[in-house]
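Q: Mind looking at a prediction? Sequence and model below.
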Amino acid sequence: MEFVIITIFPELVEQVFKWGILRRAVEAAKLSYRLVDPREFTNDRHKSIDDVAYGGRPGMVMMCEPIFKAMEALEAQDALKESRKFIHLTPIGRLLNWETAEDLAGNDQLILLAGRYEGIDQRVIDTFADDEISVGDYVLSGGELAAMVLVDAVARFIPEVVGNERSVAQDSFTTGLLDHPHYTRPADFRGMKVPAVLLSGNHAEIENWRREQAEQLTRRKRPDLWKRYNSGKSGGTGGRSGGK
Ligand code: ADE
């Protein structure tokens with residue numbers, strides 16, 4: 001899978017590929033990335049990528065030409081893959097969730113457009129965007145952080161990116177439940193004790209405890225997920241039957 005990210009802040013976005021799991025995935029060639037700066041596709045001295053909005057609104061709008069030229073350059077280099085999706089990161093997009101992330105991981109290439117300023121000329125979106133995605137109901141200063149969130153969430157679903165594949169299957173949401181609490185040594189830290197069952201060595205009991213904890217947490221913190229989880233269990237189409 002290749003991520004192509006169109007951004008005027010390539011150094012910022014590159015950070016997501018420089019650390020931890022994603023860095024290892026890049027080194028192991030499980031994923032690759034390409035950063036495209038629209039400023040490289042401008043002709044004027046100031047490398048302008050934005051202009052005032054028609055209709056007289058405060059704020060600047062990213063112009064068509066640099067982004068069209070960036071896409072044309074990718075095409076000319078034969079860098080566009082057959083199985084690809086072009087995604088515009090925007091607060092007006094549909095909300096990202098794990099199902100979308102898993103679905104997107106099935107493509108060979110994701111082209112992510114991270115906008116800045118007040119927005120992007122609609123003709124860019126009309127021409128290229130297959131999808132518009134938001135990472136939450138709040139407005140970021142630009143799409144870069146949103147693109148980084150999407151990259152990380154999608155990458156976890158690319159085979160062999162997460163070292164232990166079971167841990168993706170056990171992630172919160174993938175199971176339909178929030179994750180249970182975790183503990184490590186020492187068993188007693190300043191009087192705060194690890195639940196005895198986890199020290200028992202009884203794997204069936206440990207699994208039961210984890211499931212109960214996950215169910216209680218989900219019921220309390222996310223009644224929406226809990227409802228869906230239960231409708232999935234009773235043979236409905238929503239949710240998964242769990243897996244813990
Ligand atoms: N750009 C600005 N805010 C955003 C958000 N919430 N999601 C995706 N892209 C954005």
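A: Everything's here; your move.

Q: Show me which residues of the chain are close to the ligand?
A: 89-91, 134-136, 138-140, 143, 146 (C-beta under 6 Å from any ligand atom). Placement of C-beta: from N, CA and C, glycine included.

Q: Can you name the next helix or strand after the helix or strand bottoming out on mean pLDDT in the chain?
A: Among the helices and strands of the chain, helix 165-169 carries the lowest confidence by mean pLDDT, DSSP states H and E, at a mean of 74. Downstream of helix 165-169, the first helix or strand assigned by DSSP states H and E is strand 188-189.

Q: Now do that following strand: distance to the chain's middle.
A: Offset of strand 188-189 from its chain centre (C-alpha atoms, centre = their mean, to the nearest Å): 36 Å.

Q: Let me know the average pLDDT across that strand.
A: Taken as a whole, strand 188-189 has an average pLDDT of 98.

Q: immediately after it, which helix or strand?
A: strand 192-193.

Q: Mind listing the strands that following strand pairs with, and their directions?
A: With DSSP bridges as the test, strand 192-193 is paired with strand 188-189 (antiparallel).

Q: pretty sure Arg228 is in a helix, no?
A: Yes: counting by DSSP: H, G, I helix; E, B strand; the rest coil, Arg228 is part of a helix.

Q: On the pLDDT front, check it for me.
A: 95.

Q: measure it to Glu102 for me?
A: 16 Å (C-beta to C-beta, to the nearest Å).

Q: quick one: buried residues of the longest strand anywhere in the chain?
A: With secondary structure taken from DSSP state E, the chain has its longest strand at strand 84-95. Buried residues in strand 84-95, defined by neighbour count with 16 or more other C-beta atoms under 10 Å: 84-91, 93.

Q: in stretch 94-110, what's buried?
A: Buried residues in stretch 94-110 (16+ other C-beta under 10 Å): 96, 98, 100-102, 104-105, 107, 109-110.

Q: actually stretch 206-215, not the one I typed
A: Buried, per 16+ other C-beta under 10 Å, within stretch 206-215: 206, 209-211, 213-215.

Q: average pLDDT across it?
A: Rounded mean pLDDT across stretch 206-215 is 98.

Q: residue contacts, the residue nearest the centre of the chain?
A: A centroid search over the chain (C-alpha atoms, centre = their mean) returns Leu150, at 2.0 Å, as the residue closest to the centre. Listed by C-beta atoms under 8 Å, 6 or more residues apart in numbering, the contact set of Leu150 reads 87, 89, 96, 101, 104, 110, 112, 133, 135.

Q: Now the second one: closest residue in space, sequence neighbours ignored.
A: This points to Leu89. In this structure, Leu89 finds its nearest non-sequential neighbour in Gly143, 3.5 Å apart by C-beta to C-beta, 6 or more residues apart in numbering.

Q: quick one on the thing from earlier: if you look at the residues of the chain next to the ligand, which of them are in helices?
A: Mapping the residues of the chain next to the ligand onto helices (DSSP state H) picks out Ala146.

Q: ok, of the residues of the chain next to the ligand, which come out buried?
A: 89-91, 134-135, 140, 143, 146.

Q: Make JSON lines from the residues you listed and add pLDDT to it.
A: Formatted as JSON lines, these follow (pLDDT from 0 to 100):
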{"residue": "Leu89", "pLDDT": "98"}
{"residue": "Thr90", "pLDDT": "97"}
{"residue": "Pro91", "pLDDT": "96"}
{"residue": "Ser134", "pLDDT": "97"}
{"residue": "Val135", "pLDDT": "98"}
{"residue": "Leu140", "pLDDT": "96"}
{"residue": "Gly143", "pLDDT": "98"}
{"residue": "Ala146", "pLDDT": "98"}
